[in-house]
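Participant: Below are the sequence and a predicted model; questions follow.
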Amino acid sequence: MRVVRSPAELERTPRAAALGTFDGVHVGHQAVVRAAVESGLAPTVLTFDPHPREVLGNRVELLATLERRLELLAELGVAETLVVEFTPALARLTPEEFADSYLESIGVELVVAGEEFRFGRHRLGDLELLGELGFGTKVVPHVAGVSSSDIRRLLSEGEVGAAASMLGRAPEVEGVVVSGDARGGTLGFPTANLRVEQSLLVPRFGIYAGSALAHRAAVSIGVNPHYGGAERRVEAFLLDFEGDLYGKRLVVSLWERLRDEAAFGSESELVAQIERDVAAARAAEPPL
């Protein structure tokens, strides 16, 4: 998939454009994108970064980085994606100005979006207006019970299985591997310590079974209370993995929440519990 940052980088050609922020690329977003892919026109996504609500002064815990969002869109068969930088100036464009600059200029013939999609100054633009401007439009019905806000709520409660049904895949936590306290290595369970972007949602503290790099993983999210920690850590022990991950981006899927984090009476008790967690991670199954 080709990714561009300006309409000028795209040739004018008959396109079906899926419009939206698509945070998390959940099953509702996937339905919108697939409608564009199946249209017979060049499937193109227009997505916004940063999240419009952030620019307008609201805090948003994102479900995915832009890089991960683009990977997921590519997996759906999108040919080209235009990442539109959302700025106060962009928010002030009238719907007609936005349509002229970002849709008509690249040859969009069909616009696909969810039924609640709005755009332009004061959110006055919708698919009906685009139809009046001469674009073909397709409204993709809302997938009942699925929303990014509901997914955020479920993850904040540690309900990764329920969140997976809305996402269409296991929830993920992503970051760059950085050096940590190295305690896991001394205990026999070397972990990858992730530096997670502040804007990303991190699920409820606890121990999870999951996977990364095609290896099963036991994942700890929390403050490491056994050692009196106070700073949040996301650490993944990849089963049967050998290699150096420092400085590399790692996407960790979360399959099942195994337990709360805890402090133990001794280090031997901690090791015994980690062994049980690793056994549980080995036995766990993906949620979908």
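Facilitator: Nice, I can see it. Numbering: from 1, shown residues only.

Participant: What's the local residue count around the residue nearest to residue 45 when sequence neighbours are not counted?
Facilitator: Leaving aside its sequence neighbours, residue 45 sits nearest to residue 81 (CB to CB, 6 or more residues apart in numbering; 4.4 Å). In short, each C-beta sits where N, CA and C put it, glycine included. By the criterion of other CB atoms under 10 Å, residue 81 has 24 neighbours.

Participant: what's the spacing between residue 81 and residue 172?
Facilitator: 19 Å (CB to CB, to the nearest Å).

Participant: cool, residue 10 as well?
Facilitator: 29 Å.

Participant: The two: who's more crowded?
Facilitator: Shown here are residue 10 and residue 172; by other CB under 10 Å, residue 172 has more neighbours (23 against 20).

Participant: can you give me the helices in the stretch 101-250 of the chain?
Facilitator: Here the stretch 101-250 of the chain has its helices, by DSSP state H, counting those that start in this stretch, at 127-132, 148-156, 160-167, 183-187.

Participant: Buried deepest among the ones you listed, which one?
Facilitator: Neighbour counts averaged per stretch over the helices of the stretch 101-250 of the chain are highest for helix 160-167, at a mean of 21; criterion: mean count of other CB atoms under 10 Å.

Participant: CA atoms only: put that one into PDB for me.
Facilitator: Output of helix 160-167 as PDB, limited to C-alpha atoms (Å, rounded to 0.1, in the frame of the first residue of the first chain):
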ATOM      1  CA  VAL A 160      -9.600  -8.600  26.100                       C
ATOM      2  CA  GLY A 161     -11.800 -11.400  24.700                       C
ATOM      3  CA  ALA A 162     -14.800  -9.100  24.400                       C
ATOM      4  CA  ALA A 163     -12.700  -6.400  22.900                       C
ATOM      5  CA  ALA A 164     -11.300  -8.900  20.400                       C
ATOM      6  CA  SER A 165     -14.900  -9.600  19.100                       C
ATOM      7  CA  MET A 166     -15.200  -5.900  18.300                       C
ATOM      8  CA  LEU A 167     -11.700  -5.500  16.800                       C
END
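
Participant: give me phi/psi at the residue nearest to residue 45?
Facilitator: phi -130, psi 130 (degrees, to the nearest 10).

Participant: ok, back up a step: make TSV from the helices of the stretch 101-250 of the chain and add distance to residue 19 and mean pLDDT to it.
Facilitator: As requested, the helices of the stretch 101-250 of the chain are exported to TSV (distance: least, CB to CB, whole Å; pLDDT from 0 to 100):
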stretch	distance to residue 19	mean pLDDT
helix 127-132	9	97
helix 148-156	16	97
helix 160-167	20	98
helix 183-187	44	64
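
Participant: for the helix or strand where residue 83 lies, what is the average pLDDT?
Facilitator: Counting by DSSP states H and E, the element that carries residue 83 is strand 80-85. Mean pLDDT, strand 80-85: 98.

Participant: Who are the packing partners of the helix or strand following that strand?
Facilitator: Toward the C-terminus, strand 80-85 is succeeded by helix 88-91 as the next helix or strand (DSSP H and E). Contact analysis of helix 88-91 by 3 or more CB pairs under 8 Å, 6 or more residues apart in numbering; DSSP states H and E lists helix 52-55 as its packing neighbours.

Participant: which of the residues in the helix it packs on are buried?
Facilitator: By neighbour count on 16 or more other CB atoms under 10 Å, the buried set for helix 52-55 is 52, 55.

Participant: what packs against the next helix or strand after that helix?
Facilitator: Next in sequence after helix 52-55, counting helices and strands by DSSP H and E, comes helix 66-75. The contact analysis (3+ CB pairs under 8 Å, 6+ apart) places helix 66-75 against strand 42-49, strand 80-85.

Participant: For residue 3, find the nearest of those.
Facilitator: strand 80-85 (5.1 Å; CB to CB).

Participant: List the neighbouring strands of the closest one plus their orientation.
Facilitator: Strand 80-85 has its sheet partners listed here by DSSP bridges as strand 2-4 (parallel), strand 42-49 (parallel).

Participant: how's the protein carved up into domains?
Facilitator: 2-140, 171-283 (automatic domain parsing).

Participant: Which helix runs longest in this structure?
Facilitator: helix 267-283 (DSSP state H).

Participant: who's in contact with it?
Facilitator: Residues from elsewhere that reach helix 267-283, judged by CB atoms under 8 Å, 6 or more residues apart in numbering: 187-189, 207, 209-210, 216-218, 226, 237, 239, 256, 258-259, 262, 264.
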